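J.: I would like to see how this sequence folds:
(one chain, ligands or ions: 1)
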Amino acid sequence: MDQDLESIKQDTLSALDQAQDLRAWDAVRVATLGKSAPLTQKLKELGKCPPELRKERGGILNRLRDELTQAIETRKVVLEERALNEKLNAEAIDVTMPVSVTAGILHPLRRTVEEIIAIFGAMGFKVAEGPNVDTDWFNFSALNIDENHPARADHDTFYLPTKTLDGQQNLLRTQTSTVQIRTLLDQEPPIRIIAPGRTYRADHDATHSPMFHQCEGMVVEKGLTLGHLKGCLVDFLRAFFGIPHLPVRFRSSYFPFTEPSMEIDIGWNRKTGELGGGSDWLEILGAGMMHSRVLANCGVDPREWQAFAFGMGIERLTMLKYGISDLRSFYEGDVRWLRHYGFSSFRSVALHEGI
Ligand code: PHE
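T.: Predicted structure coming up:
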């Protein structure tokens, strides 16, 4: 190899060695193999070479070109790997760094829903859902509230100007009891569900909001009695409020879709607001054995299956448990209020931690 070629080789190898990143590497590549690179020029000039020398010289030039191409590719792999490692190091997450626990606060209503789910979940209930925009049939008729029933007027319903394709009047559901119907139509008994969700009634003052939250519950099994309903709700209320001997009273009442029906009160002291003590009662739940007509409306034979249902107001439970006095504050979106009454979203609700 003549002097010229030897120095091209040495210069290229040392330039490659010095190239510390892909940009410098690419400059060496262009300077060695590009159109105006000395080696490329020499290959082009081969044509001018006398034929007897051309073959030998061509072989030498091409071998050098192959050798340098190989060296260039090898260096590329090294530099690419280095670049990747640097990137990974720069992006490494330091798991020992303290996290900011104020990022993301759970609204107290959400917290209550999670607590309800945890307690009923431990009793084998699953969460069911239904649409907020529902129909007259799901909200009333199927629940044994026919067109002339006075309960329709009591609900202050928001009717929508639309009807479904089969002529059902659309409305915003006034109660989560719609989910009883949807679940009975969708699933085969035995069933244990709770259905937390939004409900709507045209009402607005310190204790009523046009949008509020309820949680419905339903159990469909063979041989269910009022005793099961009572046991289930007493257990729930004592776990939710964390008061083992919380007094619970079952008072007979009326709902069109349950028979017998009852309202459930817990003991409290009206003067101090303390739960569990005193001689006053506070209404907290509606419940009852499901009316045979409701089961039949959904194709479930009431002689074979028994069912009970209950419904509760989530705002009410939250206000009592956490001492929140004005219902409207739930919806004002005041971050200072949320910091005070909210919960860290990193703290999960688990029964073994105590609700
Ligand atoms: N849906 C009733 C209400 O909104 C509550 C309820 C649910 C009562 C289930 C009995 C059974 O008032």
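J.: how about the closest residue to the ligand within the stretch 101-250 of the chain, what does it touch?
T.: With CB to the nearest ligand atom as the measure, residue 175 is the residue of the stretch 101-250 of the chain nearest to the ligand, at 3.7 Å. Just so you know, the C-beta spots here come from the backbone N, C-alpha and C atoms, and that holds for glycine as well. Neighbour list for residue 175: 139, 155, 199, 214, 216, 311 [criterion: CB atoms under 8 Å, 6 or more residues apart in numbering].
J.: which residues does the third one bridge with?
T.: It stands for residue 199. According to DSSP bridges, residue 212 are recorded as the beta-bridge partners of residue 199.
J.: ok, how many other residues are close to it?
T.: Other residues within reach of residue 199 by the criterion other CB atoms under 10 Å amount to 23.
J.: Lowest-confidence one in the contacts of residue 175?
T.: By pLDDT, residue 155 ranks lowest within the contacts of residue 175, coming in at 76.
J.: What pLDDT is listed against the residue nearest to that residue when sequence neighbours are not counted?
T.: By the measure of CB to CB, 6 or more residues apart in numbering, the closest residue to residue 155 outside its immediate chain neighbours is residue 174, 4.1 Å from it. We note a pLDDT of 96 for residue 174 in this prediction.
J.: what residues does the stretch 201-350 of the chain put near the ligand?
T.: With CB under 6 Å from any ligand atom as the criterion, the stretch 201-350 of the chain comes near the ligand at residues 216, 255, 258, 286-288, 309-311.
J.: which residues touch the residue nearest to residue 155?
T.: Residue 174 is in contact with 139, 155-157, 199-201, counting by CB under 8 Å, 6+ apart.
J.: Pull the most distant pair out of the residues you listed.
T.: When CB to CB is used, the two most widely separated members of those are 139 and 156, lying 12.5 Å apart.
J.: Looking at these two, which is more packed in?
T.: Neighbours of residue 139 and residue 156, each counted by other CB under 10 Å, are more numerous for residue 139; the result is 26 against 13.
J.: now the helices: where do they sit in this protein?
T.: Taking DSSP state H as the criterion, the chain carries its helices at 3-18, 22-33, 38-44, 51-90, 108-122, 136-139, 150-154, 178-186, 226-241, 292-297, 314-322, 335-341.
J.: Could you tell me the angle between the fourth one and helix 22-33?
T.: Spelled out, that is helix 51-90. 180 degrees (axes from the mean of the first three to the mean of the last three CA atoms, to 10 degrees).
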